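Colleague: only geometry, no sequence info:
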């Protein structure tokens, strides 16, 4: 399955079904990962129920230092 | 007590979190500043770098209110999206509307800033708007209903201090919502001056993060904000063009 994540074309195994699966697959450990799935911004508790499909556009953002 | 929307603060120093030498120094500086509000930016993660230490993991989240900015946005639409992304984290309390309209000066785009502030107010955000020292724009933002106005002292990161105290004082005098002087603060004297002019708070980042000793500077800024606030309440003497002796002119023994 191919996903466009942060504007990069990424191939992931078909076993990745949800946003939570994807975050685990990418081994991202930041506790505050914010997800936009096909232009819909998700709340944290929606990651596990949100299923992903081939061609989906996903943005993964976080807080960084800023003024 | 400083009140912004539903939030109340004892500290009148807001601290940015960019450009510190490392997280340990940053943590010490945040503690030394005694700030209660930390600003952050929202950026894409590097998905090829699983281990990305984050400053939020280094502090006690319960002790602070988080003020994400919309930096990076050039339009109202982009700013609203960034604000909503930040809100989705579930840890933010307010939003700093920041829409840069000029890459050289980093001055805000007034038209897009107004639009974004209006949209975010409709969405129920607690909105703090970064603006230039434009007196009329500040008034229009207040009329629109923003929760605080954040006029810049001078260009972001320039450390030039307050280059237009007259406009800042006009903004402060006309406002009935908090005015937080944001951007361009270089040294504690600038922070104290902002408070002496009657500002409700000061937001700074580079002045602390870029100091030789950020922890000492954070403490100095805390004291400067307190000194400026106290001086403003005390009421300074009027300036005179000529000298007036402090010692009695009678009884001089010579």
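Modeller: Perfect, I can see it now. All figures in this text were calculated on a predicted structure; none of them were measured in a lab.
Colleague: now do residue 64, the pLDDT please.
Modeller: As the question left the chain open, I've gone with chain A. As predicted, residue A:64 sits at a pLDDT of 93.
Colleague: chain B, not that one
Modeller: pLDDT, residue B:64: 95.
Colleague: and what of residue B:92?
Modeller: 86.
Colleague: now residue B:56
Modeller: Here the pLDDT value assigned to residue B:56 is 86.
Colleague: what's the neighbour count on it?
Modeller: 20 (other CB atoms under 10 Å in any protein chain shown). To be clear about C-beta, it is placed using only N, CA and C from the backbone, and glycine gets the same treatment.
Colleague: can I assume it sits in a helix?
Modeller: Yes - assigned with DSSP: H, G, I helix; E, B strand; the rest coil, residue B:56 falls within a helix.
Colleague: contacting residues around it?
Modeller: Each residue near residue B:56 by CB atoms under 8 Å, 6 or more residues apart in numbering or on different chains is listed here: A:31-32, A:63, B:40, B:91.
Colleague: please redo it, this time with the cut-off set to 10 Å
Modeller: Remark: with contacts taken as CB atoms under 10 Å, 6 or more residues apart in numbering or on different chains, residue B:56 is in contact with A:30-32, A:62-64, B:17, B:38, B:40, B:64, B:66, B:89, B:91.
Colleague: ok, of the residues you listed, which come out buried?
Modeller: A:30, A:32, A:62-64, B:17, B:38, B:40, B:64, B:66, B:89, B:91 (16 or more other CB atoms under 10 Å in any protein chain shown).
Colleague: could you measure from residue B:99 over to residue B:122?
Modeller: Going from residue B:99 to residue B:122 by CB to CB, to the nearest Å gives 17 Å.
Colleague: picking up where we left off before, closest to residue B:28 among the contacts of residue B:56?
Modeller: Proximity of these to residue B:28 (CB to CB) peaks at residue B:17, which lies at 13.2 Å.
Colleague: re earlier: mind checking which of the buried ones among the contacts of residue B:56 are in strands?
Modeller: Secondary structure from DSSP state E places A:62-64, B:38, B:40, B:66 of the buried ones among the contacts of residue B:56 in strands.
Colleague: could you identify the most distant pair in those?
Modeller: Farthest-apart pair in these is A:62 and B:38; separation 14.9 Å (CB to CB).
Colleague: just the strands in chain A please.
Modeller: Remark: strands assigned in chain A by DSSP E are A:2-5, A:8-11, A:34-37, A:40-42, A:57-65.
Colleague: now residue B:139: closest residue in space that isn't a chain neighbour?
Modeller: Distance criterion CB to CB, 6 or more residues apart in numbering or on different chains; nearest residue to residue B:139, sequence neighbours excluded, is residue B:174 at 5.9 Å.
Colleague: how near is that neighbour to residue B:131?
Modeller: For residue B:174, the distance to residue B:131 - CB to CB - is 13 Å.
Colleague: shared neighbours, the two?
Modeller: Applying CB under 10 Å, 6+ apart, one finds that residue B:174 and residue B:131 are jointly contacted by B:138, B:149.
Colleague: so the two - more neighbours on which side?
Modeller: Between residue B:174 and residue B:131, residue B:131 has the larger neighbour count (other CB under 10 Å), namely 26 against 14.
Colleague: need phi/psi at that one.
Modeller: Main-chain torsions, residue B:131, degrees, to the nearest 10: phi -140, psi 170.
Colleague: and what of residue B:170?
Modeller: When read as degrees, to the nearest 10, the backbone of residue B:170 gives phi -60, psi -40.
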